[in-house]
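1. here is my input; please provide its structure:
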Amino acid sequence: MSYKELYRENNENIKERYEIVSERIRTISNMKEAELSIEEKYASFFVKISKYLVKLQDVLEMEKEGKLLSLSLEDGEKLNKSLFNEITKENYESSFANPTFAVKKLGKDFGQMFSAIYASVIRCIPSVFQGDYTFLCIYQELILEIYTTMQDEEGFTYKAIKDSYYWFKHDYIEVVMEDRVNKLIDPEYDYYRTLIDSAKDGIDYLYRYGFFISNDEIESAKYLETFSDEEIQKMANTYTEGYRIGFEVTGKDLTIKDKVEIRYPIGFERMVAAAISNFEKLNLKPILKPFSTSANKQFDYDHREDAGLILDKAIVERGLESYRCAFEKKKTQARGYAGPAVIEVFGEEPFSPITKEENVKLSDKQQKLSVYNKSESSQIVNKYIVGEERSFTIIAYPIPSIGEKYKEIFAETVKLNTLDYNFYKDMQQKIIDVLDTGDKAHIVGKNGNKTDLYVNLYKLNDPTKETIFENCVADVNIPVGEVFTSPVLKETTGKLHVSQVYLNGLNFINLEIDFKDGMIENYTCTNFESEEDNKKYIKDNILMNHETLPMGEFAIGTNTVAYKMADTYKIADKMPILIAEKTGPHFAVGDTCYSYDEDNMTYNPDKKAIVARDNEISILRKEDYSKAYFNCHTDITIPYNELGRISVITKSGESKDIIVDGRFVVPGTLKLNEPLDEMDRMTE
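-> This next block holds a predicted model:
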């Protein structure tokens, strides 16, 4: 059954509803503000959003008539611009999708709510392109319900409108969750496969996604068109082989799986097509999840906590039950899900958001509910998509925003992704051999870096058969280049500092995190003038609304080639964490690297068992899963030029150096310093 057939039955069921509400919305869109029988200051919103909804109606009609899949490049560009015009930087200041503008025009209560609704309507675009009536229909009904309520000048109140919004969200959670689960694990929702197949005929297909299309998507597609079939195949092979090896090295059976989720940037369809062919040879059907660059990151940031308008215990519990039921319906298919294979991109300017008073903010109680919801949701996923049976892989490439030397950087990244596995394996083993003798590790910064941190290491019972650190080569995390462990939390204490780091899509300046017994005790940065804003920024985007998090990982990156590339092209602030974490020591806050997979023993290439998989928090899963996991893992890297020393301290008190003044000093690892030495010679 194709995606068209899947949607056809549902569309028939709601066709009458859709046609009635669409006609009513179209009527409002054709009226002048003064003709609307509601309070004058709200009229402009209803006319504006109705006109926007009519645009989406027209797109749905184009899809029905088969016109979307034959859009020319010129017409596609015009359509894309008209749909995302509201939120692009040049128009955002005067858009109801901007909470600041909406609050100014409508007051705080209505402004926040109507802006949140507008943002949700804009996010319906991809479903409209797929020919699904559902979300356009229900949002039109919501708008019409609110408009009708507001026509009663004497009877309408903010509470009445908020109640309409609340029950709308409450009643349609089941629809949202079923859609989410279906698109996660069911390959029959294959709309994007037709676009992958269209890529060989030019770049017109880009505008058929229903995603914002920028110069990055266009130029990426054009550039990849210049690659030979052999070059594309090599890129795809690196990606899919990493995925296969991820199952192999962890002893997981890939043959019991029948589908793979492919997350890819729009513009990379040629590589994805080759990857699909590779995966199909492994008997894995693709579930395609495209993404594009953001039309406006400030828009995304402004609406990140819109759930605060309605979030309560009842909403959360209904959502969890609906999520559970949706998975139960698809439990056989869910068991065949092998995990995500991700292609990331990098090169955009680091984003430092503006904090706005007008944005919806979660209350303390709602933050706790949000954390609870995330924890319970992850347990539902882990029940139906068993953590011990799934794997993943991630690889990254630059996009044109990275600058004039984009093509050079792309070529260097391809080389980076295919560095010699054995070279790093051997070098990293020498480092691990020293680390395994340690009781604690001591990390100290330099050149203004205030890091002074002791990391308590797991104690080996049999060093001849066991190891503390994993020797990470290019499989699930491409490129090669790190050794990592789960620290013992007790006595892991001190300060972590980095002058600038790009985390979860956001720029952090002078980030400082203090640990006591492995848990975050204090934190700050200098992004904003207000210390309150700095702390909230970190709590929202690193602690993920938790009051504290453990240090889930201590690692030493060994990929000095990547570090040199970042320095040569002056792109250190644009490197994705996937690569940046390999360019120095890094510390993850949140879950360990073995989250939900701690009991699946794995081995290093030297056949030693990696035994440091748990910490004092994750082991609580034996009693209560909800206490063991935080469902986040954020890596924070200290660059070599801010690194004074990494050493291990043995039980007898002896200190053994791993890195001194940003250089590896373990015997047999000095070749890792060659790219760093080349950098020094270039600056002399």
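
2. let me see the ranges of the strands in the stretch 551-684 of the chain.
-> 551-557, 585-590, 609-610, 633-637, 643-649, 655-660, 663-664 (DSSP state E, counting those that start in this stretch).

3. for the ones you listed, which one sits closest to N296?
-> Taking C-beta to C-beta, strand 633-637 is the member of the strands of the stretch 551-684 of the chain nearest to N296, at 23.6 Å. Quick note: C-beta positions are derived from backbone N, CA and C, even for glycine.

4. could you tell me the angle between that closest one and strand 643-649?
-> In terms of direction (axes from the mean of the first three to the mean of the last three C-alpha atoms, to 10 degrees), strand 633-637 departs from strand 643-649 by 110 degrees.

5. let's number from 515 now, not from 1
-> All set: I'll call the first residue 515, so the last point we hit is now strand 1147-1151.

6. got the domain ranges for the chain?
-> Domain ranges of the chain: 515-679, 933-1197, per automatic domain parsing.

7. turn these into CSV, including mean pLDDT, mean neighbour count and distance to G853.
-> Compiled in CSV, the domains of the chain are given as follows (pLDDT from 0 to 100; neighbours: other C-beta atoms under 10 Å; distance: least, C-beta to C-beta, whole Å):
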stretch, mean pLDDT, mean neighbour count, distance to G853
domain 515-679, 93, 17, 22
domain 933-1197, 93, 19, 9
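
8. would you tell me which of these gets closest to G756?
-> Short answer: domain 933-1197, nearest of the domains of the chain by C-beta to C-beta, at 5.0 Å.

9. could you check how far that closest one is from the centre of its chain?
-> 20 Å (C-alpha atoms, centre = their mean, to the nearest Å).

10. what's the end-to-end length of it?
-> Here the two ends of domain 933-1197 are set 25 Å apart, with distance taken as C-alpha to C-alpha, to the nearest Å.

11. contacting residues around stretch 1107-1119?
-> 763-766, 892, 896, 901-902, 939, 943, 946, 981, 984-985, 987, 998, 1000, 1066-1067, 1106, 1123-1124, 1127-1128, 1132-1133, 1135, 1143, 1147 (C-beta atoms under 8 Å, 6 or more residues apart in numbering).

12. same check, this time on stretch 1152-1161
-> Taking C-beta under 8 Å, 6+ apart as the rule, stretch 1152-1161 contacts 955-963, 965, 1010-1013, 1070, 1074, 1077, 1086, 1097-1100, 1169-1177, 1190.

13. tell me the centre residue of this structure?
-> The residue lying closest to the centre of the chain (C-alpha atoms, centre = their mean) is N1018, at 7.0 Å.

14. who touches the closest residue to that residue other than its chain neighbours in this structure?
-> Spatial nearest neighbour of N1018, chain neighbours left out: N1055 (5.6 Å); criterion: C-beta to C-beta, 6 or more residues apart in numbering. If you count contacts by C-beta under 8 Å, 6+ apart, N1055 has them with 1017-1018, 1020.

15. how about S728?
-> Counted by C-beta under 8 Å, 6+ apart, S728 has contacts 806-807, 809.

16. tabulate these (a markdown table), appending secondary structure and pLDDT.
-> Shown next, in a markdown table, are the contacts of S728 (DSSP: H, G, I helix; E, B strand; the rest coil; pLDDT from 0 to 100):
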| residue | secondary structure | pLDDT |
| --- | --- | --- |
| S806 | coil | 97 |
| T807 | coil | 95 |
| A809 | coil | 96 |
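
17. of the residues you listed, closest to L582?
-> Among the contacts of S728, S806 lies closest to L582 (C-beta to C-beta), at 16.6 Å.

18. any idea how far R777 is from the closest one?
-> 12 Å (C-beta to C-beta, to the nearest Å).

19. what do you get for T932?
-> Taking C-beta to C-beta as the measure, T932 falls 21 Å from R777.

20. helix, strand or coil for Q881?
-> Secondary structure state of Q881, per DSSP: H, G, I helix; E, B strand; the rest coil, is helix.

21. for it, what are its contacts?
-> Per C-beta under 8 Å, 6+ apart, neighbours of Q881: N1059.

22. show me what the longest strand belonging to the chain is packed up against.
-> In the chain, with assignment by DSSP state E, the single longest strand is strand 1002-1017. Using 3 or more C-beta pairs under 8 Å, 6 or more residues apart in numbering; DSSP states H and E as the contact test, the elements touching strand 1002-1017 are strand 954-959, strand 966-970, strand 1020-1030, helix 1091-1094, strand 1147-1151.

23. so for A910, which of these sits nearest?
-> The nearest among the helices and strands packed on strand 1002-1017, by C-beta to C-beta, is helix 1091-1094 at 5.0 Å.

24. one step back: could the domains of the chain be laid out in CSV, adding distance to G724?
-> Below are these laid out as CSV (distance: least, C-beta to C-beta, whole Å):
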stretch, distance to G724
domain 515-679, 3
domain 933-1197, 21
